[in-house]
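Novice: next come a sequence and a model predicted from it.
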Amino acid sequence: MEYPTLPERLLDAVDRSAGPRAQIHKVGGEWKDIPTRELLRRIAGLAKALAERGVLEGDRVAIFAPNCPEWHVADFAVSGLGAVVVPIYFRESPERIAYIIHHSGAKVVFVAGEEQTARLLSIRAGLAGVECVIAADGHTSLAEAASIALDDTVRYEDLIAAAGDAEIAAYRQRVPKLRSAQLASIIYTSGTTGEPKGVMLSHANFVSNELASFENLPYGSEDVALSFLPLAHVYERLTDYGYLFRGIPLAYVVRPDDVARALVEVRPTFVAAVPRFFEKLYATVMERGAQAAGLRRVLFDWAVRTSRRAIPWRAYARPVSLGVRLQWAIADRLVYKKFRAGVGGRLRLFISGGAPLATELAEFFTTVGLTISQGYGLTETSPVVSNNIVVPNHIGTVGHPLRDVEVRIADDGEILVRGPCVMMGYYKKPEETRAAISPDGWLATGDVGHLDKDGYLVITDRKKEILKTAGGKIVAPAPIENLLKTSPYIQNVALVGDKRRFVAALIVPNLAAIEARARQAGIAFASSAALIAHPWVHELIESEIARLTANLAQYETIKRFALLDRDFTYDGGELTYTLKLKRRVIEGQYADLIEGLYAEASPARP
């Protein structure tokens with residue numbers, strides 16, 4: 001099947017649904033709108049400037065910027081020339097920036113952001129192959145950018161200032177000459193292990209996936225989407241294409257720390273996020289409830305209990321008693337609407353991807369009126385393989401495979417995928433490509449799962465992350481970690497136990513929630529270190545582990561744990577772009593602590 005190219009999809013959206021709000025961004029503390037026609041003018045102006053600087057079809061152009069309007073301007077300007085976009089994560093380390101630019105052979109770098117400029121400056125000696133740097137001065141100091149020591153460093157604003165009808169006409173004339181089969185982007189995966197690989201995605205890969213992913217999305221003139229996951233990752237990028245191509249205004253959040261405020265100020269109707277976002281949102285709700293006193297605390301606890309009783313009805317459309325429905329209605333009016341107000345009050349759909357989401361969290365949010373549609377995919381599949389943007393939404397699954405996407409399960413449980421979304425291959429890595437894609441087109445995903453009786457996909461874990469104990473028992477860590485993170489006192493978890501006698505855990509405690517609980521018990525801590533070392537805290541966490549894992553098999557239960565004094569982070573090297581655990585890194589960083597968990601005699605309890 002022949003698909004349109006990305007620029008063709010954009011032009012179609014411009015012609016069908018041009019309006020006063022295509023992009024929304026914050027300037028001087030206020031949210032400002034960029035009309036659709038202005039977006040196209042900027043794209044056409046930058047495309048002309050790139051062409052004048054010798055960017056030809058097939059040339060690589062790196063985009064190193066936070067989520068901002070200029071990101072998509074650069075994206076469509078580059079792709080409109082038939083050139084190849086090489087996105088770089090906006091908080092990428094200097095070493096990986098240098099690797100990506102060198103490995104991809106990027107001819108031009110588009111940079112925005114003070115932090116991004118500083119990181120680029122730190123590797124200027126390694127930019128020998130780069131011919132031009134374009135700096136968006138709205139987010140970048142040109143004085144700093146100019147010191148990158150390249151002959152051609154220019155302001156983005158200067159390049160697009162005079163663009164008008166002639167540039168737009170030239171862009172429109174050039175776009176139909178593009179072919180959907182040609183390379184559109186090389187995306188370097190952060191990966192949970194090993195050296196990053198450049199995933200080659202064509203226009204057909206992207207567009208086939210965008211069309212199928214959003215074909216069931218109900219939307220209207222009042223909808224607004226929020227963009228805060230890194231655009232260097234294919235998940236947010238594909239999702240934003242879906243919004244832009246349907247005329248849904250897109251609001252950009254430059255700093256992840258500003259997401260909470262943006263939700264309240266922008267009041268979006270669509271938000272794509274990862275499980276860590278929902279875990280933190282749930283922890284915040286529970287923490288605030290724990291800090292309430294008197295009647296407010298009694299009301300909160302009652303509302304939470306009511307939400308649990310209403311799960312069969314609200315999450316699974318099963319019958320419950322009239323009493324439960326009436327209690328839910330009261331709780332909704334008094335408590336749940338406040339939960340929704342905390343994310344803007346207009347949310348119609350949360351999309352979750354990047355990693356499996358705990359069923360308990362999906363049930364809770366759905367029950368209180370914040371629907372989460374979980375999907376599944378990977379960079380190599382552009383990225384969506386399946387999603388739940390259908391009726392009914394099957395909680396506990398990652399949805400039904402998309403139209404024209406085939407899914408089958410190998411004998412060892414690995415998920416195999418075939419379809420128009422499967423990548424062209426790994427850039428400059430033919431052996432790795434042959435190892436990943438069979439001669440008949442099946443991609444080995446590295447994930448383990450199964451299809452349920454209705455054809456919905458259920459993910460167990462990453463194949464390489466499955467733990468096999470010394471006794472030969474197989475343990476999938478992610479579902480157990482997700483269970484534990486539903487505790488208000490547990491912020492994050494990493495299970496260990498591969499080739500060990502039993503399963504143990506590294507646990508990041510929720511200090512604020514624990515301190516609130518301790519105050520009620522008349523206990524105070526002099527410091528965070530004192531809290532982590534206190535026997536009362538260990539007993540509290542142990543009781544939470546026992547409560548949440550009571551239904552697990554004996555060999556899956558956690559026999560020992562250690563409390564950590566900080567969370568896992570991307571900057572610390574323990575997380576991927578989408579906040580998945582890098583288990584090998586974590587096990588290396590905490591090797592001594594882990595050894596200590598296994599150094600003593602076997603636990604007394606089975």
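Specialist: Cool, the structure landed. Numbers count the residues shown, from 1 in each chain.
Novice: correct me, but Glu406 touches Cys421?
Specialist: No - counting by C-beta atoms under 8 Å, Glu406 does not reach Cys421; the two are 10.5 Å apart. Every C-beta, even on glycine, is put in place using the N, C-alpha and C of the backbone.
Novice: what helices or strands is the strand or helix carrying Leu201 leaning on?
Specialist: With elements delineated by DSSP states H and E, Leu201 resides in strand 198-202, which encompasses its position. Packing partners of strand 198-202 (3 or more C-beta pairs under 8 Å, 6 or more residues apart in numbering; DSSP states H and E): helix 94-104, strand 183-188, strand 425-426.
Novice: in the helix or strand hosting Arg174, what's buried?
Specialist: Arg174 is part of helix 165-174 when elements are defined by DSSP H and E. Within helix 165-174, the residues that count as buried by 16 or more other C-beta atoms under 10 Å are Glu167, Ile168, Ala170, Tyr171, Arg172, Arg174.
Novice: please apply the same query to stretch 256-270.
Specialist: Pro256, Val259, Ala262, Leu263, Val266, Arg267, Pro268, Thr269, Phe270.
Novice: quick one, domains of the chain?
Specialist: Each structural domain of the chain that the record assigns through automatic domain parsing is listed here as a residue range: 6-178, 275-345+347-460, 466-599.
Novice: ends of the second one, how far apart?
Specialist: Yep, that's domain 275-345+347-460 we're talking about. Taking C-alpha to C-alpha, to the nearest Å, domain 275-345+347-460 runs 15 Å from one end to the other.
Novice: what's the answer for the first one, then?
Specialist: Using C-alpha to C-alpha, the end-to-end distance of domain 6-178 comes to 10 Å.
Novice: just the mean pLDDT for it, thanks.
Specialist: Here domain 6-178 scores 91 as its mean pLDDT.
Novice: same thing with the longest one?
Specialist: Predicted confidence along domain 275-345+347-460 averages 94 (mean pLDDT).
Novice: quick one: the strands in the stretch 501-606 of the chain?
Specialist: Along the stretch 501-606 of the chain, counting by DSSP state E, counting those that start in this stretch, strands occupy 503-509, 558-563.
Novice: among the ones you listed, which is the most enclosed?
Specialist: Comparing the strands of the stretch 501-606 of the chain by mean neighbour count (mean count of other C-beta atoms under 10 Å), strand 503-509 comes out on top with a mean of 23.
Novice: can you tell me what sits against that strand?
Specialist: When contacts are defined by C-beta atoms under 8 Å, 6 or more residues apart in numbering, strand 503-509 is touched by residues 467, 469, 475, 480, 484, 489-497, 531-532, 537, 541, 545, 555-564, 566-568, 586, 590, 593-594, 597-598.
Novice: mind checking how far Arg325 is from Ala303?
Specialist: As for Arg325, its distance to Ala303 is 14 Å (criterion: C-beta to C-beta, to the nearest Å).
Novice: neighbour count winner among the two?
Specialist: A count of neighbours by other C-beta atoms under 10 Å puts Ala303 above the other of Arg325 and Ala303, at 21 against 14.
Novice: name the helix or strand for the more buried one, please.
Specialist: With the criterion set as DSSP H and E, the secondary-structure element containing Ala303 is helix 294-309.
Novice: what helices or strands is the next helix or strand after that helix leaning on?
Specialist: Next helix or strand after helix 294-309 toward the C-terminus (DSSP H and E): helix 311-316. For helix 311-316, the helices and strands in contact under the criterion 3+ C-beta pairs under 8 Å, 6+ apart are helix 322-331, helix 359-367.
Novice: go through those helices and pick out the most buried.
Specialist: Mean neighbours per residue, mean count of other C-beta under 10 Å, is largest over the helices and strands packed on helix 311-316 for helix 359-367, with a mean of 22.
Novice: now tell me what touches that one from outside.
Specialist: If you take C-beta under 8 Å, 6+ apart as the criterion, helix 359-367 is touched by 275, 278-279, 281-282, 307-308, 310-311, 314-315, 328, 350, 352, 371-372, 374, 393, 395-396, 482-483, 486.
Novice: please list only the buried members of those.
Specialist: Among those, those scoring as buried are 275, 278-279, 281-282, 307, 310-311, 314-315, 328, 350, 352, 371-372, 374, 393, 395-396, 482-483, 486 (criterion: 16+ other C-beta under 10 Å).
Novice: list the residues that contact Ala470.
Specialist: Lys499, Arg500, Arg501.
Novice: so it lies in a helix, does it not?
Specialist: No - checked against DSSP: H, G, I helix; E, B strand; the rest coil, Ala470 lies outside a helix; its state is coil.
Novice: give me the phi and psi for it.
Specialist: phi -60, psi -20 (degrees, to the nearest 10).
Novice: ok, Val493 next?
Specialist: Note on Val493: its backbone torsions stand at phi -150, psi 140 [degrees, to the nearest 10].
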